[in-house]
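[1] sequence unknown, structure follows:
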């Protein structure tokens, strides 16, 4: 695994020059955008001011200047943005020249498909979120193999809709963030689901955790107190869940949870590991407002990808001492 | 009159619920225990294969190999008390661990595909054994809580449900294996 220092020197030596080219494009788009906004705004203000101060309200020209004028200017502004200022390939080139480079820097064995994402069937198979999905999409699909472990991840967003009494449709997010799947190092048939513990560890919490009507899996009480502070586990089979969640894996999951710092959803279903990390930001997308020639702008992209690829090592998935190879 | 009948009805209902809960908890513990048994038997099946695979190489550890074969035979006879059985299983775990560590001295053996497969099967059984032991302990804790906590302890007394002992972690899982000591005596 590459460290942040290694990435910083890679950035300074190799990436920086390419980022200068990309950043020049970003700046050009920004300056064109600013001039469009400037001209449109000034035009609108002048139009309204001239209507108010110079034209008799009873005349038709007054109406044109105060309402139609600003609207036409706004449409013109949008037209200019669309055909002149916008850089249609900026996002695609950003992904190719930065995100893909970072991924290959971390490991040359990984592949990256910016427009692809993990399918909804995989997402549902994880049994992590039991709500019915009405809309599902994603992007930034990364896949490959590190040592003996095959894995793939992408950004996904799953939503469901509700319709209120007025017939208006509202969309609600079930999950948004990074969805990671790997071939697990032990063989098993059923499912074990590890969810964030939102109720704590009191007696009442235990009773509420036990009654989980939405899923077929039963509560599995594990013996590691620190693990129980962060997670609550449901499984099809009490023994199989403990076979999957060995004391050392519980320790590793606890450490990973502390490292990441926000709730984690993990499941183990028919020999696969699924891990969902929620993010509020859009992952692996450029920002027009931050300079790519600053290391601080590029650093979070490396950290997000590293965190995902690092799961294989963090959870020790390359240890294949059991019958599954 | 009706009051007494209702009170009696409620009491009977509570008794039935409490009794069934004890049975359920006890069955869960028994089920976990039977898995330990299944895994232990799987392990017995692997021991002769392991001995056959390693004895050609491990001249110096002949004693250990004879010991583990003897322990297996004793465990399979089946006339042991639960405590003796647990102790014997722990000894087997320890010996198997030691043999696997000693294999490090025999690169040729370590590299053989046959042995690697055997080692994977053994690790698998050990991991399953440890899981069923943990599941048993978790089930026994639930059962014991019901036996000892008020008010269910009243019903436990009436129906003669007694607390069960937890399985302790085998010694070798807590301390590092001293291979030299084992093979020198």
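    The structure has been received and is ready for your questions. This one's a predicted model, so the numbers in the text were calculated from it and none came from an experiment.
[2] contacts, neighbours, all on C-alpha from now
    Fine.
[3] Quick check: the gap between residue B:127 and chain A.
    Between residue B:127 and chain A the distance is 6 Å, computed by Cα to the nearest Cα, to the nearest Å.
[4] For residue A:187, see how far away that residue is.
    With the distance defined as Cα to Cα, to the nearest Å, residue B:127 ends up 12 Å from residue A:187.
[5] Same question for residue A:155.
    The spacing between residue A:155 and residue A:187, counted by Cα to Cα, is 27 Å.
[6] For those two, work out which one has more neighbours and name it.
    Each of residue A:155 and residue A:187 has its neighbours counted (other Cα atoms under 10 Å in any protein chain shown); residue A:155 has more, 26 against 19.
[7] can you tell me which residues contact the more buried one?
    A:117-118, A:138-141, A:176-179, A:283 (Cα atoms under 8 Å, 6 or more residues apart in numbering or on different chains).
[8] try residue B:44
    By Cα under 8 Å, 6+ apart, the residues touching residue B:44 are B:72, B:76.
[9] need the next SSE after the helix or strand where it lies, C-terminal direction.
    Element membership of residue B:44 [criterion: DSSP states H and E] is helix B:2-54. Note on helix B:2-54: by DSSP H and E, the next helix or strand toward the C-terminus is helix B:62-77.
[10] and residue A:110, how far is that from residue A:188?
    27 Å.
[11] Got phi/psi on the closest residue to residue A:179 other than its chain neighbours?
    Nearest residue to residue A:179, sequence neighbours excluded (Cα to Cα, 6 or more residues apart in numbering or on different chains): residue A:276, at 4.6 Å. Residue A:276 adopts backbone torsions of phi -120, psi 120, taken as degrees, to the nearest 10.
[12] what bridges to residue A:276?
    residue A:179, residue A:265 (DSSP bridges).
[13] I figured it hits residue A:262, correct?
    No - at 11.0 Å, residue A:276 and residue A:262 do not qualify as touching, with contact defined as Cα atoms under 8 Å.
[14] Now residue A:157: phi and psi?
    phi -140, psi 120.
[15] same thing with residue A:261?
    Backbone geometry at residue A:261, expressed as degrees, to the nearest 10, gives phi 80, psi 0.
[16] Check the burial of it by counting its neighbours.
    9.
[17] Next SSE downstream of the one helix or strand in chain A whose mean pLDDT sits lowest?
    In chain A, no helix or strand scores lower on mean pLDDT, DSSP states H and E than helix A:60-63, which sits at a mean of 78. Sequence-wise, the next helix or strand downstream of helix A:60-63 (DSSP H and E) is helix A:69-80.
[18] How about residues contacting that following helix?
    Contacts of helix A:69-80 (Cα under 8 Å, 6+ apart): A:36-37, A:40, A:43-44, A:47-48.
[19] In strands, which of those fall?
    Using DSSP state E, no member of the contacts of helix A:69-80 sits in strands.
[20] Narrow those to those in helices?
    Per DSSP state H, helices hold the following members of those: A:36-37, A:40, A:43-44, A:47-48.
[21] ok, the residues you listed vs chain B, which is closest?
    Nearest to chain B among these, counting by Cα to the nearest Cα, is residue A:37 at 65.3 Å.
[22] Let me see the contact set for that closest one.
    Contacts of residue A:37 by Cα under 8 Å, 6+ apart are residue A:77.
[23] SS state for the residue in the stretch 51-200 of chain A that chain B sits nearest to?
    Across the stretch 51-200 of chain A, no residue is closer to chain B than residue A:186, which sits at 8.7 Å (Cα to the nearest Cα). Of the three states, residue A:186 takes coil under DSSP: H, G, I helix; E, B strand; the rest coil.
[24] which SS class is the closest residue to it other than its chain neighbours?
    Leaving aside its sequence neighbours, residue A:186 sits nearest to residue A:324 (Cα to Cα, 6+ apart; 5.6 Å). Assigned by three-state DSSP, the conformation of residue A:324 is coil.
[25] the strands in the stretch 101-250 of chain A, which residues?
    A:111-113, A:135-146, A:149-163, A:169-183, A:191-196, A:218-220, A:231-235 (DSSP state E, counting those that start in this stretch).
[26] Return the distance of residue A:181 relative to residue A:144.
    11 Å.
[27] Compare neighbour counts for the two and give me the winner.
    Between residue A:181 and residue A:144, counted using other Cα under 10 Å, the more crowded position is residue A:181 (23 against 18).
[28] which residues touch the more buried one?
    Applying Cα under 8 Å, 6+ apart to residue A:181 gives the contacts A:151-153, A:272-275.
[29] Now the common contact residues for residue A:181 and residue A:144.
    In contact with both residue A:181 and residue A:144: A:151-152, using Cα under 8 Å, 6+ apart.
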